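K.L.:
what's the 3D shape of this:
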Amino acid sequence: MKIFRILLALSIVVSLSLASGKDIAVNLGLNASSKAITQWEKVFNQTRKMKKLGIDTLSDLDKNVLKKYLINHAADSDHPEAAGM
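P.N.:
Numbers count the residues shown, from 1 in each chain. This is a model prediction of the structure:
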């Protein structure tokens, strides 16, 4: 029973520590629909642009999560973040 409680607590901590792409974007002040898909791809391909937006300080995992979120909700995507687009 004690091991079950430990595993349950550990799984809760791990799930809470994983931020979503939207959470990361909000923390950095980024709006997915402010750029088109190709523009977000260029941001992630240039260190200078990532540094300007504060993305360079993120872990590789968080960068990948953020990139996926921004591209999936870019202005020209199928599901843009902004309403009415």
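
K.L.:
list the contacts of the nearest residue to Lys63 once chain neighbours are set aside.
P.N.:
If you skip the residues right next to it in sequence, Lys63 has Ile55 as its closest partner in space, 6.2 Å away by CB to CB, 6 or more residues apart in numbering. (Glycine included, C-beta is placed from N, CA and C.) Going by CB atoms under 8 Å, 6 or more residues apart in numbering, Ile55 touches Leu28, Val43, Phe44, Lys63, Leu66.

K.L.:
buried ones among those?
P.N.:
Burial by neighbour count, 16 or more other CB atoms under 10 Å: within those this picks out Val43, Phe44, Lys63, Leu66.

K.L.:
could you pull out the strands for this protein?
P.N.:
In the chain, no strands are found when defined by DSSP state E.

K.L.:
pLDDT at the nearest residue to Asp76 once chain neighbours are set aside, what is it?
P.N.:
Excluding its sequence neighbours, the residue lying closest to Asp76 (CB to CB, 6+ apart) is Ala36, at 4.5 Å. If you check Ala36, the pLDDT there is 95.

K.L.:
now Val14
P.N.:
For Val14, pLDDT reads 49.

K.L.:
pLDDT-wise, which helix or strand of this structure ranks last?
P.N.:
None of the helices or strands of the chain scores lower by mean pLDDT, DSSP states H and E than helix 2-17, at a mean of 58.

K.L.:
inside helices: which ones of the contacts of Ile55?
P.N.:
Secondary structure assignment by DSSP state H places Leu28, Val43, Phe44, Lys63, Leu66 of the contacts of Ile55 in helices.

K.L.:
is it true that the first one touches Lys51?
P.N.:
Read it as Leu28. No - using CB atoms under 8 Å, Leu28 is not in contact with Lys51; the gap is 12.0 Å.

K.L.:
quick one: Ile55 from Glu41, how far?
P.N.:
13 Å (CB to CB, to the nearest Å).

K.L.:
list the residues that contact both of those two?
P.N.:
Taking CB under 8 Å, 6+ apart as the criterion, Ile55 and Glu41 do not both touch any residue.

K.L.:
what's Lys49 in contact with, if anything?
P.N.:
Lys42, Val43.

K.L.:
tell me the pLDDT at it?
P.N.:
Value listed for Lys49 in the pLDDT field: 96.
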